[in-house]
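In: below: sequence and its predicted model.
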Number of protein chains: 2
Amino acid sequence: MKLSAGVFDTLAEIVGANGVRRAPGELAAYSRDATPLFRAMPDAVVFPRTTGEVAEVLKLATAHRIPVVPRGAGSNLCAGTVPLAGGIVLALTRMTRILEVSGAELLARVQPGVTTARLADAAAVEGLLYAPDPGSRVTSTVGGNVATCAGGLRGLKYGVTRNYVLGLEAVLPTGEVIRTGGRLWKDVAGYDLTRLLTGSEGTLAVLTELTVALLPQPAEVGTGVAYFASLADACRAVAAIISAGIVPATLEFLDQKCISAVDDYAKLDLRRDAGALLLFGDDGPIEVVAGNLVRLRKICADAGALEVTLAENIARSDALLAARRCSLPALSRLGSLTILEDVTVPRPRLAEMVERIDEIALRFGLLIATFGHAGDGNLHPTCVLDPEDTDAVERAHKAFAEIFSTALRFDGTITGEHGVGAAKLPYLAERLGADQIRLLRRIKTAFDPAGILNPGKVGS
Amino acid sequence: MKLSAGVFDTLAEIVGANGVRRAPGELAAYSRDATPLFRAMPDAVVFPRTTGEVAEVLKLATAHRIPVVPRGAGSNLCAGTVPLAGGIVLALTRMTRILEVSGAELLARVQPGVTTARLADAAAVEGLLYAPDPGSRVTSTVGGNVATCAGGLRGLKYGVTRNYVLGLEAVLPTGEVIRTGGRLWKDVAGYDLTRLLTGSEGTLAVLTELTVALLPQPAEVGTGVAYFASLADACRAVAAIISAGIVPATLEFLDQKCISAVDDYAKLDLRRDAGALLLFGDDGPIEVVAGNLVRLRKICADAGALEVTLAENIARSDALLAARRCSLPALSRLGSLTILEDVTVPRPRLAEMVERIDEIALRFGLLIATFGHAGDGNLHPTCVLDPEDTDAVERAHKAFAEIFSTALRFDGTITGEHGVGAAKLPYLAERLGADQIRLLRRIKTAFDPAGILNPGKVGS
């Protein structure tokens, strides 16, 4: 759509001339996020600094039926912040204040543009832990994390972002400012809008302030690595760990293709002849971590590991975690187009799921490497290819469609932590059924009668 | 309203003649729940056995605009299941199957009428823990727990019911059966209806199957008790515990009036000269529990406790926890009408809040004793009085209205774990604001266009 000169004038009145961008060069950066192949130009990028400014922009947008796409760092991988219908990208990256970190109440209150890592660092200074740790934590924002219910490497033990959101200030598309939840762990006054907004991907309201729960910082963190001949062996170790009553903080795996890519990239002396690498770790009181690591090592060995090593120090521990975190950039170097996916299956189906992925990749003649969170069954099959090879791109889409269907047949889901966005919307009905899709649309309308917020995404 | 003979015939066709009750004597038991002073007769009580039967009943009800109140054990304390507008009470107490307990997946799947204690026992047999433990656990149902987002004694460390709900099967008032979430810890496909339905108090859909997360059973549980001259001293100890980086499983308190009542009732040799009793406890690996109990004892002593004792064995530990759990029956013996309330305030405001409650009780000439969850600021001020004394009943309502307002001024809430029901609905707008109330109503309509589900409660 084309915005009128009058609309641009009003936007400038609301956020200041400096807060509105419309030059094509500046707009281009906001035409995409971290998702490949999705791109659409906005008509304006608007940078509000206050809740009041957000409310004014939304009122204007509803009055003129202008699409608005709220956006943090744009690090999402499901095209959740691509402005498909044009209109305004509402960039919350100037709302970057940490308003409060309270050790007495074990919480922090932040504006949406604060990065996850900055919040975690501010908490750590007070001896506190912000538990959610998505892979993108250095660049991603807390507002974006909450909008997508971001996961991360500690999901099994600590849960995901939703478990840490205590309260929200949010602006409805019609301009009303609501406050949901608050500073309390226990609060059942009204429907749980805090959780409904968490993971709603900017389609229901714009989050302008977030109160999140913190935990005491664990005294000790320890990590180990086990190599297995096959991923099936690694998964047997994971099952044995859970059966032993251990819920470790970290249980991550890389398949053989990821091991090689990561080792080429990060030079960590990983064992390339292994079929799978299992990274395990725990945190907590020193004696518990030490005991659990020894038990984890033994369980891996008993499950037939080729080799198990405990990280001798924090530096090595950090290096191993960094290895897992760098899977995406490492794989990206293998081709100029990287499609990272995000299916989840029940833990006992993990090995079988990866086998199916490998079979599908072979059949479609594609390179698909898989890494992910073995503890919670969350897999990131990653296809690396040449974007100029349109036939390969076409085959990749078909391969992923099969991967999604397979995950659903295994009682799994099409997205564990990245979100629906534009990329998964075509598969959502298969996951939820037509009745639930219709219900989501009615809920969307309850929040956004004019349908201005992030059109073409979940709820559309 | 009056149900027609045709409606009764159809109900009998759906659930069988044995599944429909209409005799006044049988209806009377469903005219109330555990909340005093609220009562309304239904026209029928219907006992479905399957999801299909629930769907047929709801379709019929929507077609004829018949109010339907879903109900588990009816142990709620906010008049959430009182059939204010008559119609059908849909009693889910015949849907009592535990469908699955999986150690490999750390989850259970149950029908809504399973009691919380039965689920917990079935999990314990497999070495697993169902963490939510509302005070009513022996009688309350899992369906009711999820519908109210029940809390309990372990909220600070373990969170509340919402943190353990993985997936739901639910029937919409219009008869469609939806499945939200599933068997996964990480699943962001669509709006978080699992959490929206959790705590929706039977106003949005009827829950017919619940998948909940389990944890490995902790190896050790330990408990201790500390007496303080005043509740302010006890709260200072609580603050010091959190500051020390300890988040214990249990941090419960009784005020002086509760100590006496509980001791009269349960004969536990509690120290009646104390102004407050703090019950603390932890669970986990043996060495951690032992270490934490010693630290908790020292922190209480340093905060000026009159006396601190660690329970020497499981039996004493259970007895102490039972003392806390029996606060309500113990207080109930002091008068024939007991009004138990459920405000929550941020932890640092706890002592001040109890002081205000005591001041309000004195001013209105009422006996109000307070106990609750010190760890998460959740207070249960309990007024004991004579229901024939209409003036006292009137004063109690005024006193509680002041207590709610005070909690809100302290950044607290009007209900931490019991729910809104009919009892708190008059105060909900003060908590949420008019804009949010209107939004709740629109969400209600998105689920229940005819407004048949639990009318007169949240969303109405």
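Out: Yep, that arrived.
In: now do stretch A:33-41: distance to the chain's middle.
Out: Mean-position distance between stretch A:33-41 and its chain equals 16 Å (CA atoms, centre = their mean, to the nearest Å).
In: is that stretch in proximity to chain B?
Out: No - judged by CB under 8 Å from any CB of the partner chain, stretch A:33-41 stays clear of chain B, getting no closer than 15.0 Å. Placement of C-beta: from N, CA and C, glycine included.
In: now do the helices in the stretch 301-450 of chain A.
Out: A:314-325, A:327-332, A:350-363, A:390-409, A:425-432, A:434-447 (DSSP state H, counting those that start in this stretch).
In: switch those helices over to CSV; also include mean neighbour count.
Out: Below are the helices of the stretch 301-450 of chain A laid out as CSV (neighbours: other CB atoms under 10 Å in any protein chain shown):
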stretch, mean neighbour count
helix A:314-325, 17
helix A:327-332, 21
helix A:350-363, 19
helix A:390-409, 17
helix A:425-432, 18
helix A:434-447, 19
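In: could you dump these to CSV with distance to chain B and mean pLDDT?
Out: CSV is the format used below for the helices of the stretch 301-450 of chain A (distance: least, CB to the nearest CB, whole Å; pLDDT from 0 to 100):
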stretch, distance to chain B, mean pLDDT
helix A:314-325, 16, 81
helix A:327-332, 17, 89
helix A:350-363, 11, 96
helix A:390-409, 10, 97
helix A:425-432, 5, 97
helix A:434-447, 4, 98
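In: got JSON lines for those helices, with distance to A:R32 too?
Out: Shown next, in JSON lines, are the helices of the stretch 301-450 of chain A (distance: least, CB to CB, whole Å):
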{"stretch": "helix A:314-325", "distance to A:R32": "22"}
{"stretch": "helix A:327-332", "distance to A:R32": "15"}
{"stretch": "helix A:350-363", "distance to A:R32": "26"}
{"stretch": "helix A:390-409", "distance to A:R32": "16"}
{"stretch": "helix A:425-432", "distance to A:R32": "17"}
{"stretch": "helix A:434-447", "distance to A:R32": "24"}
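In: out of the ones you listed, nearest to B:T93?
Out: Evaluated over the helices of the stretch 301-450 of chain A, closeness to B:T93 peaks at helix A:434-447, with 26.8 Å, by CB to CB.
In: which helices and strands does the worst-scoring helix or strand of chain A on mean pLDDT pack with?
Out: Using mean pLDDT, DSSP states H and E, helix A:314-325 stands out as the lowest-scoring helix or strand of chain A, at a mean of 81. Where contact means 3 or more CB pairs under 8 Å, 6 or more residues apart in numbering or on different chains; DSSP states H and E, helix A:314-325 is packed against strand A:220-228, strand A:250-255, helix A:256-266, strand A:276-284.
In: residues in contact with it?
Out: Helix A:314-325 is contacted by residues A:135, A:153, A:221-223, A:225, A:250, A:252, A:254, A:262, A:266, A:268, A:270, A:279, A:281, A:311, A:371 when judged by CB atoms under 8 Å, 6 or more residues apart in numbering or on different chains.
In: let's see that with 6 Å instead.
Out: Residues outside helix A:314-325 that contact it (CB atoms under 6 Å, 6 or more residues apart in numbering or on different chains) are A:135, A:223, A:225, A:252, A:262, A:266, A:268, A:279, A:311.
In: those residues: which two are farthest apart?
Out: The most widely separated members of these are A:G135 and A:A311, with 19.5 Å between them, by CB to CB.
In: about what we covered before: ok, which of the helices of the stretch 301-450 of chain A comes nearest A:A61?
Out: With CB to CB as the yardstick, what comes closest out of the helices of the stretch 301-450 of chain A is helix A:434-447 (13.8 Å).
In: what angle do the closest one and helix A:425-432 make?
Out: Computed by axes from the mean of the first three to the mean of the last three CA atoms, to 10 degrees, the angle separating helix A:434-447 from helix A:425-432 equals 120 degrees.
In: can I see the domain layout of chain A?
Out: Per automatic domain parsing, the structural domains of chain A span A:5-93, A:98-216, A:220-325, A:335-424.
In: let me know which of these is tucked in deepest.
Out: Sort the domains of chain A by mean neighbour count, taking mean count of other CB atoms under 10 Å in any protein chain shown, and domain A:98-216 sits at the top with a mean of 23.
In: how long is that domain from one end to the other?
Out: End-to-end span of domain A:98-216 (CA to CA, to the nearest Å): 19 Å.
In: so what pairs up with A:A44 in the strands?
Out: A:I88 (DSSP bridges).
In: re earlier: for the domains of chain A, which has the smallest mean pLDDT value?
Out: Among the domains of chain A, domain A:220-325 carries the lowest mean pLDDT, at a mean of 92.
In: what is the end-to-end distance of that one?
Out: Using CA to CA, the two ends of domain A:220-325 sit 20 Å apart.
In: spell out which parts of the stretch 101-250 of chain A neighbour chain B.
Out: A:104-105, A:149, A:151, A:155, A:163, A:176, A:178, A:183-192, A:195-196, A:199-200, A:216, A:245 (CB under 6 Å from any CB of the partner chain).
In: and the residue lying closest to A:R154 once chain neighbours are set aside, how close does it get to chain B?
Out: Of all residues beyond its chain neighbours, the one nearest A:R154 is A:A249 (5.2 Å), with distances taken as CB to CB, 6 or more residues apart in numbering or on different chains. Counting by CB to the nearest CB, to the nearest Å, the gap from A:A249 to chain B is 14 Å.
In: now A:P348
Out: Separation of A:P348 from chain B (CB to the nearest CB) stands at 5 Å.
In: tell me if I'm right that that residue and B:A104 touch.
Out: Yes - judged on CB atoms under 6 Å, A:P348 makes contact with B:A104 at a distance of 5.2 Å.
In: output the helix or strand that contains A:G25 as PDB - backbone C-alpha positions only.
Out: If you go by DSSP states H and E, A:G25 is part of helix A:24-28. Extracted C-alpha coordinates of helix A:24-28, given in PDB (Å, rounded to 0.1, in the frame of the first residue of the first chain):
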ATOM      1  CA  PRO A  24      14.200   2.900  -0.100                       C
ATOM      2  CA  GLY A  25      17.700   2.100   1.100                       C
ATOM      3  CA  GLU A  26      16.700   2.300   4.700                       C
ATOM      4  CA  LEU A  27      13.400   0.400   4.100                       C
ATOM      5  CA  ALA A  28      15.300  -2.500   2.500                       C
END
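In: check contacts around the closest residue to A:E252 other than its chain neighbours.
Out: Leaving aside its chain neighbours, A:E252 sits nearest to A:L279 (4.3 Å; criterion: CB to CB, 6+ apart). Applying CB under 6 Å, 6+ apart, we find A:L279 in contact with A:225, A:252, A:320, A:324.
In: partners of A:L279 in the sheet?
Out: On the basis of DSSP bridges, A:L279 is bridged to A:V225, A:E252.
In: distance of it from chain B?
Out: With CB to the nearest CB as the criterion, A:L279 and chain B are 17 Å apart.
In: repeat that for A:A85.
Out: Distance from A:A85 to chain B, by CB to the nearest CB: 20 Å.
In: one more: A:D133?
Out: When distance is defined by CB to the nearest CB, A:D133 is 13 Å away from chain B.
In: cool, A:L84 as well?
Out: To chain B, A:L84 is 18 Å away according to CB to the nearest CB.
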